[in-house]
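What follows is a predicted protein model with its sequence.
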Amino acid sequence: MENKPFIFGVATSGDNFTDREKETARLLSNFQHGVNTVLISPRRWGKTSLVQKVCHLAQSDKLKIVYLDIFSCRSDRDFYDAFASAVLKQTSSKWDEWVENAKLFLSRVSPKISLGPDPMSDFSISLEWNPKSDDINEILQLPEKIALKKGCSVVVCIDEFQQIAEFKDSKTFQKRLRTVWQLQKSVSYCLFGSKKHLMNELFEKRSLPFYKFGDAVYLSKISAPDWVEYICGRFESTGKQISKELAEKICQTVDNHSSYVQQLAWLVWIHTKEVATDQHFEDACQDIVDQNTPLFEKQTESLTTYQMNFLRAIINGVHKEFTTQDVLQKYQLGSSANVSIVKRALIKKELIETEKQKVVIPDPVMIIWLKRKFER
Ligand SMILES: Nc1ncnc2c1ncn2[C@@H]1O[C@H](COP(=O)(O)OP(=O)(O)OP(=O)(O)O)[C@@H](O)[C@H]1O
Ligand SMILES: [Mg+2]
């Protein structure tokens, strides 16, 4: 298959990865020096791509990387299973060593390992354990034990970490992790995830166990000049052309949002035969709104009138002081008490965010879609 010049929707790498030099260096240094890292950004800005890149660079005989995505974990039990499997599998490429380590270090939890026809790629582990604290500690200590045995360091990267906030009795669970993890000498952790408000809460609330757990990295957007160079370069390498001005327009339209820049550039590229024109750009803008419309409809169909009115106020440029008489009346937001309820609900639904005291809609294509909707 021919290489696609633009990638969106999945983590990206190689020629489709641009910029992020400072963040790459900072994470790499944390990994190499055993510093815990917490990486936070809004959705689809590039956390997974960045961490995967750093994992690739950091991996060596002396430094083993364990990477797990806990998006589908619904309980602490799911988490422990996923954690143990990932640690066993990714600290060695030999399956007999997995079995050995499992027997050696997970003696209390009687691991059952089943091997498929190709044990190298086909192997699963299930643990039979009681939710007693000795059993759990054994699982959480697994990377430290393996690191000591092999005389290496280990970095455990956990993607979609915000998921743990949804577990039953999450605070006890968090306390348990932190208590064990902070004493480990040869293992450090890189915890990252989206749903910014949840991640913020996990790591910024003094009352929660992960408060000040590690170096907090807030991923920023990739800058317009970097994007422009990338877009022009990708057009060129596929025998097409786009002007700097048009590439800038792509970035502006989607506010430099990583995934959307790639998606819009891709749509312009498809329309373009040789040289991209304004018309190609206009058509691509229509496409990107159309392609996302079903999702936006789904996200907004259950909103109350007050909630829609609140979004309308933001679209019209109101970002703070929603409770002045003028704003309350103009946008029919009810009472000031009502405004706080509406705001909280929209934050929970991830349709709005607060940024430096201002309330914003983080999805730039949703903004375009809402503008068109309210104009009608
Ligand atoms: N460094 C980069 N260079 C170019 N494009 C990037 C980069 N990082 C991210 N992107 C674009 O953003 C998209 C989303 O990236 P990624 O999945 O890494 O983000 P994420 O923050 O992990 O998203 P999610 O919040 O869904 O977990 C990619 O498919 C790609 O289009
Ligand atoms: Mg991700």
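Okay, I see it. In this text the structure is predicted, and so the values were computed from the model without any measurement. Ligands and ions are numbered 1, 2, ... in the order given.

What sits closest to whatever residue of the chain ends up closest to ligand 2 if chain neighbours are left out?
The minimum distance from the chain to ligand 2, using CB to the ion, falls at Thr48 (3.2 Å). For every residue, glycine as well, the C-beta is placed using N, CA and C. Using CB to CB, 6 or more residues apart in numbering and skipping the chain neighbours, the partner closest in space to Thr48 is Ala11 (4.2 Å).

Lys185 now?
Glu144 (7.2 Å).

picking up where we left off before, what's the helix or strand where the residue of the chain closest to ligand 2 lies in contact with?
Using DSSP states H and E, Thr48 sits within helix 47-58. Residues outside helix 47-58 that contact it (CB atoms under 8 Å, 6 or more residues apart in numbering): 11-13, 17, 20, 23-24, 27-28, 31-32, 39-41, 65, 67, 155, 157, 159, 190, 192-194, 219.

Give me the buried positions along it.
47-55, 58 (16 or more other CB atoms under 10 Å).

and what of stretch 132-146?
Those would be 135-136, 138-146, for stretch 132-146 by 16+ other CB under 10 Å.

before we move on, the earlier item: give me the buried entries from the contacts of helix 47-58.
11-12, 17, 20, 23-24, 27, 31-32, 39-41, 65, 67, 155, 157, 159, 190, 192-194, 219.

Out of those residues, which sit inside helices?
23-24, 27, 31-32 (DSSP state H).

Can you convert the residues you listed into TSV and add a column each for pLDDT and distance to Pro5?
Formatted as TSV, these follow (pLDDT from 0 to 100; distance: CB to CB, whole Å):
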residue	pLDDT	distance to Pro5
Glu23	97	24
Thr24	97	22
Leu27	98	27
Phe31	98	30
Gln32	97	33
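
which one of these sits closest to Pro117?
Phe31 (34.8 Å; CB to CB).

wait, that closest one sits on Gly214?
No - look at Phe31 against Gly214 with CB atoms under 8 Å: they stay out of range, at 11.5 Å.

what's the overlap in contacts for those two?
Residues touching both Phe31 and Gly214 comprise 37, 188, with contact defined as CB under 8 Å, 6+ apart.

Need the phi and psi values for the residue nearest to Thr48.
With angles defined as degrees, to the nearest 10, Ala11 sits at phi -60, psi 150.

That one: what's it in contact with?
The contact partners of Ala11, taken as CB under 8 Å, 6+ apart, are 48-49, 52.

And it, how close does it get to Lys320?
For Ala11, the distance to Lys320 equals 35 Å [CB to CB, to the nearest Å].

And Phe213, by the same measure?
Distance from Phe213 to Lys320, by CB to CB: 31 Å.

Same drill for these two, tell me which one is more crowded.
Using other CB atoms under 10 Å, the more surrounded residue of Phe213 and Lys320 is Phe213, with 20 against 12.

Make sure that one is actually in contact with Leu177.
No - using CB under 8 Å, Phe213 is not in contact with Leu177; the gap is 9.5 Å.

Between those two, which contacts overlap?
With CB under 8 Å, 6+ apart as the test, Phe213 and Leu177 reach no residue in common.

name the helices or strands packed onto the helix or strand hosting Thr293?
Using DSSP H and E, Thr293 falls within helix 278-300. The contact analysis (3 or more CB pairs under 8 Å, 6 or more residues apart in numbering; DSSP states H and E) places helix 278-300 against helix 244-253, helix 258-271, helix 364-375.

and Gln182, how many residues sit next to it?
Counted with other CB under 10 Å, residues neighbouring Gln182 total 12.

show me what contacts it?
Neighbouring residues of Gln182 by CB under 8 Å, 6+ apart: Phe213.

For it, give its distance to Ser188.
For Gln182, the distance to Ser188 - CB to CB - is 10 Å.

again with Ser49
To Ser188, Ser49 is 21 Å away according to CB to CB.

that older thread, closest to ligand 1 out of the buried residues of stretch 132-146?
Ranked by distance to ligand 1 (CB to the nearest ligand atom), those are led by Pro143 at 22.8 Å.

secondary structure element for that closest one?
helix 133-150.

The residue in the chain that ligand 1 sits nearest to: what's it in contact with?
Closest residue of the chain to ligand 1, CB to the nearest ligand atom: Gly46 (2.6 Å). By CB under 8 Å, 6+ apart, the contact list for Gly46 reads 12, 20, 219, 222, 258.

I'd like to know how far the last one sits from Lys221.
Which is Ser258. Ser258 is 7 Å from Lys221, by CB to CB.

Give the residues shared as contacts by the two.
Joint contacts of Ser258 and Lys221 (CB under 8 Å, 6+ apart) are Trp45.

my read: Phe6 touches Asn16, true?
Yes - using CB under 8 Å, Phe6 makes contact with Asn16 at a distance of 7.0 Å.

These two - which one has more neighbours?
Taking neighbours as other CB under 10 Å, Phe6 and Asn16 compare with Phe6 leading, 21 against 18.

looking at this, that one is in a helix?
No - judged by DSSP: H, G, I helix; E, B strand; the rest coil, Phe6 forms no part of a helix; its state is coil.

For it, give me the pLDDT.
You'll see Phe6 listed with a pLDDT of 96.

Against which helices or strands is the strand or helix carrying Lys171 packed?
In this assignment (DSSP H and E), Lys171 forms part of helix 170-181. Contacts defined by 3+ CB pairs under 8 Å, 6+ apart place helix 170-181 against helix 133-150.

Give me the angle between the helix it packs on and helix 170-181.
Angle, helix 133-150 to helix 170-181, by axes from the mean of the first three to the mean of the last three CA atoms, to 10 degrees: 30 degrees.
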